[in-house]
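Trainee: for reference, the sequence and a predicted model appear below.
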Amino acid sequence: LQETWLENDEAIEDLKIPNYDLYLNSKGRGKGVVAYCRTDKFRHEIDMKREKMQISKYSSDSLNIIVIYRSQEGNYHDLNQIMEEMITDEKPHLVLGDLNFCYMDNPNNPTRKYLESQRFAQLIRNPTHIEGNLLDQAYLRDDHGELECTTELHSKYYTDHKGLAIIIRYLENRLNYIHVQIIQLQGKQAAK
């Protein structure tokens, strides 16, 4: 969840969901991100909290997720630098959130260009805001082609943004990919 209206990061009992851990990264009215994670699936890694942007990272054994809320005045260079620090390994990464620039109207946006230069592909292609802008974006980097991704947009009665539903599954050939890597590694060891 992004663009939250929480004044601080104290866990509020009313916000808890059974079997999920609640992570708050809030900076006041209309600023912040909230995540619900199953502890057996994802680990909370880090929060970055700035006046004009809040960013959190979560990881599992097979995927890193970076969640962003950037105010309209948030500095793109700062955002890109924070993401660069958070993208720490070669496993697949999903970067998503309310970036507050229209993807369709801004092909030269510095954050869009940075993500594309880092081999991220935009998953959302339709407007996500009531005014026809694509503000809520999701970028996936999957260098080994291990993932299958489906997306849907859902209208919500309580916001002028659409909800993003993203389902990510491993392709069946992942076992073959891992198997090939193990065989190559064993071959190298045998050669030694």
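Mentor: Here it is on my side, so go on.

Trainee: how about residue 35: what's its closest non-neighbour residue?
Mentor: Once flanking residues are discounted, residue 35 sits nearest to residue 23: 4.7 Å by CB to CB, 6 or more residues apart in numbering. For every residue, glycine as well, the C-beta is placed using N, CA and C.

Trainee: so what strands line up beside the helix or strand in which that neighbour is found?
Mentor: For residue 23, the element it lies in under DSSP states H and E is strand 21-28. Paired strands of strand 21-28, with direction, are strand 31-37 (antiparallel) (DSSP bridges).

Trainee: buried set for stretch 20-31?
Mentor: 23-27, 31 (16 or more other CB atoms under 10 Å).

Trainee: please read the previous query as pertaining to stretch 33-49.
Mentor: Under the neighbour-count rule (16+ other CB under 10 Å), stretch 33-49 has 33-35, 37, 42, 47-48 buried.

Trainee: same thing with stretch 130-150?
Mentor: 133-142, 146-147.

Trainee: and these, which is closest to residue 100?
Mentor: residue 135 (5.8 Å; CB to CB).

Trainee: correct me if wrong: the closest one contacts residue 99.
Mentor: Yes - counting by CB atoms under 8 Å, residue 135 does reach residue 99; the two are 6.5 Å apart.
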